[in-house]
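In: pasting the sequence and the predicted model now:
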Amino acid sequence: MIEKLTIKALTPVHIGDDRKLSPYSDYIYTNGMIHYVDSDKLMSTLNDKQIESFIDGVNNSLKNTNDNKYKFRLSEFLRKEKIDIGEVSKYQLISEVDTKAKEIKRFISTSGRAYIPGSSIKGAIRTAILYDYLKNYNEGNKVLDNYSNSLKNISEEFAKIKEKIINIEKELLENINDREKKKNLSREISILIKPILDEFKKKSYDTEYYFEKKLFGNDAKNDFMKCIIVTDTNSREWQDCIYVDEVNRKKISKLEEKIGIPVIAEFLKEEKRFNFEIKLKPISDNIYNREYFKTIDLEKILSNADKFYREQLENETKILENNDKTKKLIDKLNQILKSKNILIRIGGFKTFLYNTIMSLFSKEQFSLFREIYRIGATPKTNNLVRGKFPSTNSFLFDNESITDTSGWCEITKADAISEDDTSKKKRSNEKSEDIYLKLLQSGIKVRKKK
């Protein structure tokens, strides 16, 4: 059975592939545009002396990252050498932020064109299938209950050491700048928790794949997910569907407080559509947990995904405090919930709960799980942030208002959007796009609807 489907971005989406654009050699930001540098054009344009000056500038900047005096900027270098950006540029994209010479995380591509990997969609489906199994099936209920009972069994032991851990965390805060002291104190916490984790290991619970193995088995060859084939989507022209924006991590309870360093990344624009296929192969006799999977079909697989992501989105919307900063986002998320199509969330900048089944745990169970695995411990202090979790989220902003979280998409039956349709739509928008680019290049700041 094969389904031809369309996936449409409802919010900006980032799917990375570990590549980054360097401000020293890969791009130039100017007047709301990112100019992508063609390295071959750049090197052929420079003479030997200029190449030497270019290399020295980059090396000095890398050696003295905290000293602005040595900060190399390619735009200034080209201006000094009287080289026009157009001579070394491949193409340009709209940027919603001044990148301030930071690295830009790249969106995945093939032959210079954007697409959505089938593995991203399939991974989201896998989590939803596991969630359905544990929540709605007797056998899955028993697996979850066994795990929960094991957590209860170690709760008394943990209660004996919790106060000691909290006192050590206080010391960590007092010695935040003493690397050696922090290392030793963190080791003390690990030593205290180790006997409890060892007890957990005896029951084979000491693995993030425990639940997956109960459903999908230990042998990848007999994993049901081998029966689900999700193709990569069609690819689209880079300039047509990608733009650059900034993601900020914020405390949900205190949105004015910054957490970490903002990330600049390439995003898939909202409303962009891609076609793909999903196929369910016949389930052979050797598939692990075959009885559960005998009743499953593509419609149920997609329905499970929709239920899981709607539930997570509803929870996320409830956590956000409705105020002037969040109103736009909450209105948008509520609008997404009204969609009659299949909802799914893919790519980066999601919270912990979207990639796990931990929302099935009771508040007490999840709290204990976090304590013994130190989930949510801050990297700087190794202190565990207790209370509501996740306590932070990644947001995209428009001035002071939060406008988006990334990754929300909807799936429908394949529609008429093809490469030809995309080209027609692009041609129909050429006039307004040209006006927009001219405004940006003239220095007039405007924000384009994504």
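Out: Okay, I see it. Residues are numbered from 1 along each chain as shown.
In: buried set for stretch 135-154?
Out: 135, 140, 143-144, 147-148, 150-151, 154 (16 or more other CB atoms under 10 Å). Backbone N, C-alpha and C define where each C-beta goes, glycine included.
In: in JSON lines: those, plus secondary structure.
Out: Shown next, in JSON lines, are these (DSSP: H, G, I helix; E, B strand; the rest coil):
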{"residue": "Lys135", "secondary structure": "helix"}
{"residue": "Gly140", "secondary structure": "helix"}
{"residue": "Val143", "secondary structure": "helix"}
{"residue": "Leu144", "secondary structure": "helix"}
{"residue": "Tyr147", "secondary structure": "helix"}
{"residue": "Ser148", "secondary structure": "helix"}
{"residue": "Ser150", "secondary structure": "helix"}
{"residue": "Leu151", "secondary structure": "helix"}
{"residue": "Ile154", "secondary structure": "helix"}
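In: Glu299: which of these is nearest?
Out: Comparing those against Glu299 with CB to CB places Lys135 closest, at 18.5 Å.
In: contact partners for the spatially closest residue to that closest one that is not a sequence neighbour?
Out: Residue nearest to Lys135 in three dimensions, not counting chain neighbours: Leu360, with 5.9 Å by CB to CB, 6 or more residues apart in numbering. By CB atoms under 8 Å, 6 or more residues apart in numbering, the contact set of Leu360 is 131, 134-135, 144.
In: now swap in Ala124 and tell me
Out: With CB under 8 Å, 6+ apart, Ala124 has these contacts: 305, 309, 344-346.
In: just the residues you listed: which are in helices?
Out: 305, 309 (DSSP state H).
In: buried only: go through the contacts of Ala124 for me.
Out: Buried by 16+ other CB under 10 Å: 305, 309, 344-346, out of the contacts of Ala124.
In: so can I have JSON lines of the residues you listed showing distance to Arg126 and pLDDT?
Out: What follows is the buried ones among the contacts of Ala124, written out as JSON lines (distance: CB to CB, whole Å; pLDDT from 0 to 100):
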{"residue": "Ala305", "distance to Arg126": "9", "pLDDT": "96"}
{"residue": "Tyr309", "distance to Arg126": "13", "pLDDT": "96"}
{"residue": "Ile344", "distance to Arg126": "12", "pLDDT": "97"}
{"residue": "Arg345", "distance to Arg126": "13", "pLDDT": "96"}
{"residue": "Ile346", "distance to Arg126": "12", "pLDDT": "96"}
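In: can you tell me which of those residues is closest to Pro23?
Out: Once CB to CB is applied, the member of those that ends up nearest Pro23 is Ile346, at 27.9 Å.
In: check contacts around the closest one.
Out: Per CB under 8 Å, 6+ apart, neighbours of Ile346: 13, 15, 116, 120-121, 123-124, 407, 409.
In: can you tell me, leaving aside adjacent residues, what's nearest to it?
Out: Leaving aside its chain neighbours, Ile346 sits nearest to Ser120 (4.6 Å; criterion: CB to CB, 6+ apart).
In: send the alpha carbons of whichever strand or helix holds the one you found over as PDB?
Out: Using DSSP states H and E, Ser120 falls within helix 118-136. The C-alpha trace of helix 118-136 is given here as PDB (Å, rounded to 0.1, in the frame of the first residue of the first chain):
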ATOM      1  CA  GLY A 118      12.000  10.900   4.800                       C
ATOM      2  CA  SER A 119      14.000   9.900   7.900                       C
ATOM      3  CA  SER A 120      12.800  13.100   9.700                       C
ATOM      4  CA  ILE A 121       9.100  12.200   9.000                       C
ATOM      5  CA  LYS A 122       9.700   8.500   9.900                       C
ATOM      6  CA  GLY A 123      11.400   9.400  13.200                       C
ATOM      7  CA  ALA A 124       8.400  11.500  14.200                       C
ATOM      8  CA  ILE A 125       6.100   8.600  13.300                       C
ATOM      9  CA  ARG A 126       8.100   6.100  15.300                       C
ATOM     10  CA  THR A 127       7.700   8.100  18.500                       C
ATOM     11  CA  ALA A 128       4.000   8.400  17.900                       C
ATOM     12  CA  ILE A 129       3.600   4.600  17.400                       C
ATOM     13  CA  LEU A 130       5.500   3.900  20.600                       C
ATOM     14  CA  TYR A 131       3.300   6.400  22.500                       C
ATOM     15  CA  ASP A 132       0.100   4.800  21.200                       C
ATOM     16  CA  TYR A 133       1.400   1.300  22.200                       C
ATOM     17  CA  LEU A 134       2.200   2.300  25.700                       C
ATOM     18  CA  LYS A 135      -0.900   4.400  26.200                       C
ATOM     19  CA  ASN A 136      -3.700   2.500  24.500                       C
END
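In: good, wrapping up.
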